[in-house]
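Student: sharing a model that was predicted from the sequence below.
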Amino acid sequence: MSTTYRIGIAGAGGIFKESHLKAWQENQECEIVAICDVNEARAHEMAELSGANLVYTDYKQMIAEANLDVIDICTPNLYHSEIAIAALQAGIHVICEKPDAVSPVEAQKMADAAAQSGKLLMAIRNNRFHPNAQFLQQFAKEGGLGEIYTGRCGWIRRRGIPGKGGWFTTKELSGGGPLIDLGVHFIDIAVWVMGNPKPVAVSGATYRKFADNDVSDSKHSSFGEKQSDGTFDVEDLAIGFIRFDNGATLQIEFSWASNIEEETYFVELRGTKAGATYRNYELGLFSEINGQLMDSKSSRSHGKPVKMHHANINHFIDCLTGRAEPIIRPEHGVEMIQILSAIYESAETGREVRL
């Protein structure tokens with residue numbers, strides 16, 4: 001007998017419409033039954049698109065009344081933890097957009113609530129599901145890179161501030177700028193491929209130089225709702241340095257706006273057997289074989305579009321059914337938010353922060 005999971009959506013904005021909606025609709029084991037958004041008109045619009053017959057403006061009411069199996073959290077970052085904890089305590093599985101939370105304390109509360117409830121909590125790490133990222137992680141796991149001792153990662157934009165003046169650029173709601181918005185993606189890939197070493201110290205600096213600039217050359221700036229008279233109290237560029245318990249190190253750089261040649265997202269890792277670049281989803285390996293320097297490169301998409309949010313959501317459902325073990329666990333989220341929070345602290349104090 002097949003199971004159809006009843007899905008409730010908390011937050012019906014751009015990330016749900018662009019990345020989550022089709023993924024749920026195309027999974028035959030799932031049915032979106034409820035939509036919640038503080039903007040009632042938007043909630044009704046997304047209910048019509050998704051086929052949901054229940055519409056709410058209060059997530060607590062949705063949790064209490066909609067008989068959900070799963071809640072998908074796509075709200076501004078500030079609300080991720082409170083909605084996740086409430087759902088877990090009500091016996092509902094949770095999948096949540098990144099970042100997990102806006103502070104390590106809240107991320108730990110989420111992890112604790114998941115452990116106590118016995119329900120699945122998974123934060124989105126969609127970039128883990130690109131075939132080239134998965135190949136690189138498996139290659140490294142099998143020893144293909146040797147000892148990975150250092151690397152760097154980033155997502156740098158020339159002009160790509162999302163929802164300027166809205167919640168993305170309001171620290172109270174977002175927790176920060178490109179570091180917490182973009183850093184989650186590629187710090188995660190780097191640390192995952194490195195074998196999940198434990199971070200022990202970080203240092204960093206942040207800058208806000210383009211708050212008065214309205215130029216855009218990135219499709220990603222379309223996320224969020226711009227407000228001409230809104231708030232911009234987060235960074236537009238963050239750089240940092242992470243030390244791990246095994247002696248490895250990682251340099252990071254994330255920006256929404258800076259004077260660079262073009263938008264790029266990347267992970268570069270240096271190993272004793274080979275180095276690797278994962279740049280704009282293309283994979284390169286650089287090694288030495290029998291005294292000869294050798295380079296290998298892979299295509300970006302393997303000839304077809306890669307739907308990483310679809311794959312992440314399908315993995316979540318596979319974990320619910322017992323077909324798979326989670327590759328994204330709550331403790332990964334706690335460590336990620338610890339790193340990001342410590343980089344912000346280091347930027348404020350000008351000192352290295354021990355974890």
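Tutor: Great, that's in hand.
Student: pLDDT weak spots in the stretch 151-300 of the chain?
Tutor: Scanning the stretch 151-300 of the chain for pLDDT under 70 picks out 299-300.
Student: now do the helices in the stretch 151-300 of the chain.
Tutor: Taking DSSP state H, counting those that start in this stretch as the test, the helices found in the stretch 151-300 of the chain are 171-174, 178-193.
Student: what are the buried residues along the shortest one?
Tutor: Just to be clear, that refers to helix 171-174. 171, 173-174 (16 or more other CB atoms under 10 Å). Heads up, the C-betas are built off the backbone N, CA and C, glycines and all.
Student: check stretch 43-59 too.
Tutor: Buried, per 16+ other CB under 10 Å, within stretch 43-59: 43, 45-47, 49-50, 52, 54-56, 59.
Student: same check on stretch 6-23?
Tutor: Across stretch 6-23, burial judged by 16+ other CB under 10 Å covers 6-13, 15-17, 19-23.
Student: same deal with stretch 108-118?
Tutor: Residues of stretch 108-118 classed as buried: 108-111, 113-114, 117 (neighbour count, 16+ other CB under 10 Å).
Student: contacts for that stretch next, please.
Tutor: Residues outside stretch 108-118 that contact it (CB atoms under 8 Å, 6 or more residues apart in numbering) are 80-81, 84-85, 88-89, 91, 94, 96, 100-101, 120-121, 330-331, 333-334.
Student: how close does A90 sit to L68?
Tutor: Distance from A90 to L68, counting by CB to CB, to the nearest Å: 8 Å.
Student: check the gap between the closest residue in space to G224 that isn't next to it in sequence and D181 for me.
Tutor: What sits nearest to G224 in space, not counting adjacent residues and going by CB to CB, 6 or more residues apart in numbering, is G163, at 1.8 Å. Counting by CB to CB, the gap from G163 to D181 is 10 Å.
Student: who has more neighbours, the two?
Tutor: Comparing G163 with D181 by other CB atoms under 10 Å, the one with more neighbours is D181, at 24 against 21.
Student: do I have it right that that one meets S174?
Tutor: Yes - counting by CB atoms under 8 Å, D181 touches S174, with 7.1 Å between them.
Student: identify the contacts common to these two.
Tutor: Shared contacts of D181 and S174, counting by CB under 8 Å, 6+ apart, come down to F168.
Student: can you give me the strands in the stretch 201-350 of the chain?
Tutor: Secondary structure of the stretch 201-350 of the chain (DSSP state E, counting those that start in this stretch): strands at 237-244, 249-255, 264-271, 274-279, 282-289, 292-297.
Student: for the first one, name the packing helices and strands.
Tutor: Contact partners of strand 237-244 among helices and strands, from 3 or more CB pairs under 8 Å, 6 or more residues apart in numbering; DSSP states H and E: helix 178-193, strand 199-207, strand 249-255, helix 330-349.
Student: next, L21: secondary structure please.
Tutor: For L21, the secondary-structure state derived from DSSP: H, G, I helix; E, B strand; the rest coil is helix.
Student: so how far is F286 from the closest residue to L179 other than its chain neighbours?
Tutor: The shortest distance from L179 to any residue other than its chain neighbours is 3.8 Å, reached at A238 (CB to CB, 6+ apart). Using CB to CB, A238 is found at 28 Å from F286.
Student: pick out whichever of the two has more residues nearby.
Tutor: A count of neighbours by other CB under 10 Å puts A238 above the other of A238 and F286, at 27 against 16.
Student: touching, the more buried one and G177? I think so.
Tutor: Yes - using CB under 8 Å, A238 makes contact with G177 at a distance of 7.0 Å.
Student: which neighbours do the two share?
Tutor: Each of T206 lies in contact with both A238 and G177 under the rule CB under 8 Å, 6+ apart.
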